[in-house]
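S.K.: pasting the structure only:
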C-alpha cells in the first residue's frame with residue numbers, strides 16, 4: 001500500500017468514527033466500525049443549478065460543506081433577490097445523503113443583531129460536543145467584525161456567544177475568514193485584515209473554539225480575500241487570491257504549503273490561473289471540502305461563480321465544485337480543471353432525521369441599504 005493510500009485510509013477511518021478533528025470533523029458518529037460504509041457513485045454538475053427537494057434553486061454561497069454524523073451539510077449565505085450588501089443576507093444550511101438530493105434545514109443564527117452577514121463556517125468541537133459557527137458581519141459596511149455562535153446540532157439554530165471575537169492580527173476591521181481544525185482537535189481561524197490591505201493571517205483558537213488565543217501567524221499575503229486552509233498528510237495548505245468583490249471574472253488560487261499550521265509557508269504555483277494569467281474557473285474560492293471515499297478523504301475545491309445566475313437573481317448564482325484535487329509526491333497540487341461534470345464514488349449518508357419546522361431568522365427593514373454598489377459603482381435598486 002502506498003503512503004498516499006495508507007494516509008487516506010487513516011483519514012477516512014477517522015472521518016467515519018469521529019476521531020479526525022479536521023475542519024470537517026464529523027462529530028459523534030454511531031456507525032459500527034466493523035461494518036464498511038455504503039458507497040454510492042454521484043455526479044456533480046457545474047453547469048446547472050443545484051436544487052432542494054422542492055425544486056427550488058439552492059441559495060447558499062461563500063460557505064462550506066461538511067460530512068457531520070453521517071450526513072452531508074452545505075452551509076452558505078443566502079442573498080435572494082438582493083445585491084448582497086443589505087441587512088437581509090442570511091445563513092442557511094441544506095443536508096443530503098448523497099450530494100445530489102438536498103433538503104433545506106433552515107437558517108442558522110438565532111436573534112442576530114442588524115448587520116450585513118457573510119461567510120458562515122462551521123466546525124465540530126469534540127471537547128465541548130458543540131457545533132461552532134464563525135462568520136463575518138458588518139453593523140455597517142465596511143465596519144468588519146467576526147462573530148461566533150454555537151449549537152447542539154449541525155442545523156442549529158446557532159446562539160451567538162461572541163459577537164465581536166478577538167482576532168490578534170486584524171488591527172482594526174477583520175474581513176473574510178474560515179475555520180480549520182487539525183487532527184489533534186486544535187482550531188484555527190484564517191482571515192483578512194481590511195485595514196492592512198486585506199492581509200492574510202491565521203490565529204490559533206481557544207480550546208472551545210469561541211475566541212482566539214492571540215497566537216497568530218505572520219502576514220501570508222496582501223490584497224486578498226476568501227482564504228481557506230486544510231491539511232493533507234503531514235502538510236498544511238493555505239489557499240487564497242486577490243480581492244474579488246462579487247467579480248464575475250473570478251480569482252486565482254495561490255497555494256502556500258508548510259509543515260506547521262502557523263507557518264512558515266512556501267508558495268507553490270497558482271492552481272486556478274492559465275498561461276494567459278486569467279482564472280481557469282471564473283469563480284471565487286470559498287472552501288476545500290473533504291468527501292469520504294473508499295480510498296480515503298477526497299479534497300473538493302469549492303468556489304462561487306458570481307453573476308452566473310440564469311434568471312437575474314443573485315441568490316441563484318452557481319457554485320463550482322472541482323473534481324478531487326490531485327497531490328504530487330512533493331505535496332504540490334495540480335492545476336484545477338474546469339470540468340462541466342464529474343463523478344465519484346463517495347460514502348452514502350444516513351437518511352434524513354425526523355422533519356422539524358425549519359428555523360428562519362426575522363427579516364428586518366434595512367435603514368443602511370446602499371444606493372450605490374460599493375464594488376462596481378453602479379446604482380442599486382431597492383431590495
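M.R.: All right, it came through fine. Keep in mind it's a predicted model, so treat the numbers as computed, not measured.

S.K.: Look up how far residue 120 lies from residue 305.
M.R.: 19 Å (Cβ to Cβ, to the nearest Å). Any C-beta I mention is one placed from the backbone N, CA and C, and that applies to glycine too.

S.K.: Compare those two and say which is more crowded by neighbours.
M.R.: Comparing residue 305 with residue 120 by other Cβ atoms under 10 Å, the one with more neighbours is residue 120, at 29 against 18.

S.K.: what about the spatially closest residue to residue 152 that is not a sequence neighbour, how many neighbours?
M.R.: Leaving aside its sequence neighbours, residue 152 sits nearest to residue 130 (Cβ to Cβ, 6 or more residues apart in numbering; 6.7 Å). Counted with other Cβ under 10 Å, the neighbours of residue 130 add up to 21.

S.K.: repeat for residue 378
M.R.: Counted with other Cβ under 10 Å, residue 378 comes out at 8.

S.K.: correct me, but it touches residue 372?
M.R.: Yes. Using Cβ atoms under 8 Å, residue 378 is in contact with residue 372, at 7.2 Å.

S.K.: Give me the most central residue, the protein.
M.R.: Per Cα atoms, centre = their mean, the C-alpha nearest to the average position across the chain is that of residue 64, at 2.7 Å.

S.K.: Residue 248 versus the closest residue in space to that one that isn't next to it in sequence, what's the distance?
M.R.: Leaving aside its sequence neighbours, residue 64 sits nearest to residue 287 (Cβ to Cβ, 6+ apart; 4.3 Å). The gap separating residue 287 from residue 248 is 20 Å, by Cβ to Cβ.

S.K.: Settle it for me: which of those two has more neighbours?
M.R.: Comparing residue 287 with residue 248 by other Cβ under 10 Å, the one with more neighbours is residue 287, at 28 against 13.

S.K.: returning to what we had before: after the helix or strand where the residue nearest to residue 64 lies, which helix or strand is next?
M.R.: Secondary structure from DSSP states H and E places residue 287 in strand 284-293. Where DSSP H and E defines the elements, the next helix or strand beyond strand 284-293 is strand 296-305.

S.K.: Give me the buried positions along that following strand.
M.R.: For strand 296-305, burial by neighbour count (16 or more other Cβ atoms under 10 Å) applies to 296-305.

S.K.: do stretch 171-182 as well
M.R.: 173-182.

S.K.: Stretch 242-257 now?
M.R.: Under 16+ other Cβ under 10 Å, the buried positions of stretch 242-257 are 242-244, 246-247, 250-257.

S.K.: Quick check: end-to-end length of it?
M.R.: 18 Å (Cα to Cα, to the nearest Å).

S.K.: Also stretch 368-375?
M.R.: Using Cα to Cα, the two ends of stretch 368-375 sit 16 Å apart.

S.K.: So which bits of it are buried?
M.R.: Using 16+ other Cβ under 10 Å as the test for burial, stretch 368-375 gives residue 369.

S.K.: quick one: average pLDDT of it?
M.R.: Per-region confidence: stretch 368-375 scores 79 on mean pLDDT.

S.K.: how far away is the residue nearest to residue 232 when sequence neighbours are not counted from residue 155?
M.R.: Spatial nearest neighbour of residue 232, chain neighbours left out: residue 327 (6.0 Å); criterion: Cβ to Cβ, 6+ apart. Distance from residue 327 to residue 155, counting by Cβ to Cβ: 32 Å.

S.K.: what about those two, which has more around it?
M.R.: More crowded of residue 327 and residue 155, by other Cβ under 10 Å: residue 155, with 26 against 16.

S.K.: Give me the three-state assignment for the more buried one.
M.R.: At residue 155 the chain is in coil, as set by DSSP: H, G, I helix; E, B strand; the rest coil.
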